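A.B. asks: Could you look at this predicted model? Sequence included:
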Amino acid sequence: MDPLVISRIRLREIAEDDLPRIYEFNLDPDANRLAATLPRSAERFEAHWTSVLADSNVVARAIVVEDRLAGTISCFQSGGLPYVGYWVSREFWGLGVATRALELLLREVTVRPVYAQAATGNRASMRVLEKCGFVVRSVRISPADERYLECEEALLVLE
């Protein structure tokens, strides 16, 4: 990790004017391939983020490198359990941005255990989670739906 880049990473509240750029991140074909996701339509994207930003139980943050929006990271409930998820713009891949953002979020969100899911083929995301202390609890074939492609998916936990 580049120490200069790492020292310039911070999390902040997501602003309404961040959403057009976040929508662009959602459309990146390489990011979707790695995450085994399908991009959201403009309508589904808007509905998703309206719900996220209105939910007081969700901790959603913008990842900022210097003054540039680099992605999003959040902690949310799924099936009654706390999960983390993140999405980093391709221009920031390989710089330690996701790892540092997750470290920062885990300082803010102190509930444990906390969970994450990742396509096992997304080696970079699996590595981010492992560097932050998550361990694989199980692996399964996750079925396709309107958002996700069928893939082998790991459930990870940080105790």
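C.D. replies: Alright, I've got the coordinates. Numbers count the residues shown, from 1 in each chain.
A.B. asks: I'd say Ala35 and Thr120 touch.
C.D. replies: No. Ala35 lies out of contact with Thr120 (Cβ atoms under 8 Å); the separation is 11.7 Å. Where you see a C-beta, it was placed from the backbone N, CA and C, and this is true even at glycine.
A.B. asks: Look at these two and report which has more neighbours.
C.D. replies: Ala35 (19 against 16; other Cβ atoms under 10 Å).
A.B. asks: pLDDT weak spots in the chain?
C.D. replies: Judged by pLDDT under 70, the chain has its weakly predicted residues at 1-6.
A.B. asks: in it, which spans are strands?
C.D. replies: Along the chain, counting by DSSP state E, strands occupy 9-13, 59-65, 68-78, 81-88, 114-119, 135-142, 151-158.
A.B. asks: give me every residue that touches Leu158.
C.D. replies: Going by Cβ atoms under 8 Å, 6 or more residues apart in numbering, Leu158 touches 106, 112-116, 132-135.
A.B. asks: Let me know the closest of those to Trp49.
C.D. replies: Closest approach between those and Trp49, by Cβ to Cβ: Ala116, at 20.2 Å.
A.B. asks: Buried members of the contacts of Leu158 into ChimeraX, please.
C.D. replies: Applying 16 or more other Cβ atoms under 10 Å to the contacts of Leu158, the buried members can be selected in ChimeraX as follows:
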select :106,114,115,116,132,134
